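**Q** please work out how this folds:
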Amino acid sequence: MDWSNSGSYTLFTHLAYADEYGPGYHPLHAEDGVPEHRHWTGITNARTNMAFTLGLPAESAAFVSLPVDTFFNTARYTLADGVTPYTPPKAEIHHRNETLFGPGDAIVMGKRAFAFEQHNLTLVPSLGVSVPLGRTEDNPITRGHEGLWHQHIQFGSGTWDPMVGLEAGFGSASEPWGIDAWLLTRQALYFNDRGFRFGGRIGGGLYPRWRFSDALTFTTGIEGIHEGTDQWRDLTTGVTSSPENSGRDAVMLVAGVAWHLEDWGVTLTPQIRKIAWQNVQGGDMDQPFALSIGASYLFGSPWAPPQP
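**A** Numbers count the residues shown, from 1 in each chain. Coordinates of the predicted model:
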């Protein structure tokens with residue numbers, strides 16, 4: 001069983017216009033004028049994830065994980081210069097100071113390990129699906145243009161999304177050093193019943209590691225991620241559109257340790273991530289860093305890829 005807690009703070013900002021507040025608001029009418037202005041949303045995400053791996057015959061395993069998310073949101077508004085405070089009409093329909101809590105989508109995957117002893121290489125391909133347990137909301141773009149309260153945060157995709165992954169480990173069990181790597185993609189194939197289609201994601205990482213002792217291993221590395229643009233389909237007109245700050249490419253630097261507490265049978269894995277470069281579609285996003293700490297506990301015999 002694996003348990004992890006992660007936390008991150010992200011600041012989103014984008015320009016907004018009169019038509020985002022519903023009919024009757026016009027940028028050129030003095031009595032109800034809405035100038036070009038900027039939305040600022042700060043989101044602190046605390047995630048708890050429980051994962052279970054069940055060893056099966058023939059070097060295979062079943063993997064299940066369930067995340068639970070808490071979002072602490074703050075909101076403020078300025079004119080387009082990003083400095084001058086501004087209070088738009090019906091500001092609360094877009095962003096609010098609020099706390100949201102709920103489960104995300106579960107993940108179910110099957111894994112199979114292959115060891116290539118002559119190359120000190122182990123490969124673990126995986127195949128699975130996301131299970132739509134996370135809450136989804138009505139179309140926030142349509143509701144915003146109608147001047148109605150809406151929610152941008154989606155706890156899940158509302159669809160069963162196929163997932164394909166590959167883990168790799170290079171190095172010998174008798175050597176203190178090694179290299180680990182992973183690739184994982186999740187793609188949505190259709191719109192859910194609220195008209196939402198998750199933009200899809202593909203990511204990977206490469207991590208050199210050094211074992212200082214039987215209890216302590218240090219890792220550092222680099223991760224890359226591509227997040228596709230989410231889509232919303234108007235259920236009445238069929239028109240498809242995408243929200244601000246949706247879709248990005250990013251490169252992150254990672255450092256962490258694995259600390260094995262033999263007397264308790266627990267391994268702790270604190271990590272820190274820092275964005276080194278990113279490109280965000282349709283807005284701006286700043287994430288100073290992300291912290292996580294995980295703990296794994298073994299019930300029964302371990303399942304692990306065979307060591308070359």
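**Q** show residues contacting the worst-scoring helix or strand of the chain on mean pLDDT.
**A** Sorting the helices and strands of the chain by mean pLDDT, DSSP states H and E puts strand 284-286 at the bottom, at a mean of 80. For strand 284-286, contacts defined as C-beta atoms under 8 Å, 6 or more residues apart in numbering pick out T10, L11, F12, T13, H14, N245, R248, Q278. Every residue, glycine included, has its C-beta placed from N, CA and C.
**Q** ok, now how distant is W232 from G238?
**A** Between W232 and G238 the computed distance is 11 Å (C-beta to C-beta, to the nearest Å).
**Q** meant to ask about G128
**A** The gap separating G128 from G238 is 32 Å, by C-beta to C-beta.
**Q** compare these two and say which is more crowded by neighbours.
**A** Between G128 and G238, counted using other C-beta atoms under 10 Å, the more crowded position is G128 (21 against 8).
**Q** next helix or strand past the helix or strand harbouring that one?
**A** Per DSSP states H and E, G128 falls inside strand 121-131. Where DSSP H and E defines the elements, the next helix or strand beyond strand 121-131 is helix 140-145.
**Q** so for that next one, mean pLDDT?
**A** For helix 140-145, mean pLDDT is 87.
**Q** chain center to the helix or strand containing I275, what's the gap?
**A** According to DSSP H and E, I275 maps onto strand 266-280. Taking C-alpha atoms, centre = their mean, to the nearest Å, one finds the center of strand 266-280 at 12 Å from the center of the full chain.
**Q** ok, that strand: who's next to it in the sheet?
**A** Paired neighbours of strand 266-280 in the sheet (DSSP bridges): strand 248-261 (antiparallel), strand 290-297 (antiparallel).
**Q** any idea how far P67 lies from R38?
**A** Going from P67 to R38 by C-beta to C-beta gives 31 Å.
**Q** inside strands: which ones of the contacts of strand 284-286?
**A** Residues of these located in strands (DSSP state E): T10, L11, F12, T13, H14, R248, Q278.
**Q** show the buried residues in those residues.
**A** Neighbour-count burial (16 or more other C-beta atoms under 10 Å) applied to the ones in strands among the contacts of strand 284-286 gives T10, F12, T13, H14, R248.
**Q** can you lay out those residues as JSON lines showing pLDDT?
**A** Shown next, in JSON lines, are those (pLDDT from 0 to 100):
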{"residue": "T10", "pLDDT": "91"}
{"residue": "F12", "pLDDT": "88"}
{"residue": "T13", "pLDDT": "87"}
{"residue": "H14", "pLDDT": "82"}
{"residue": "R248", "pLDDT": "92"}
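**Q** from the residues you listed, pick the one nearest H94.
**A** H14 (10.4 Å; C-beta to C-beta).
**Q** dig out what the closest one forms beta bridges with.
**A** Taking DSSP bridges as the rule, H14 bridges to H39.
**Q** that one reaches R38, doesn't it?
**A** Yes. The pair H14 and R38 qualifies as a contact (C-beta atoms under 8 Å) at a distance of 7.1 Å.
**Q** possible to save the buried ones among the ones in strands among the contacts of strand 284-286 as CSV with distance to T267?
**A** Output for those, formatted as CSV (distance: C-beta to C-beta, whole Å):
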residue, distance to T267
T10, 29
F12, 35
T13, 39
H14, 41
R248, 32
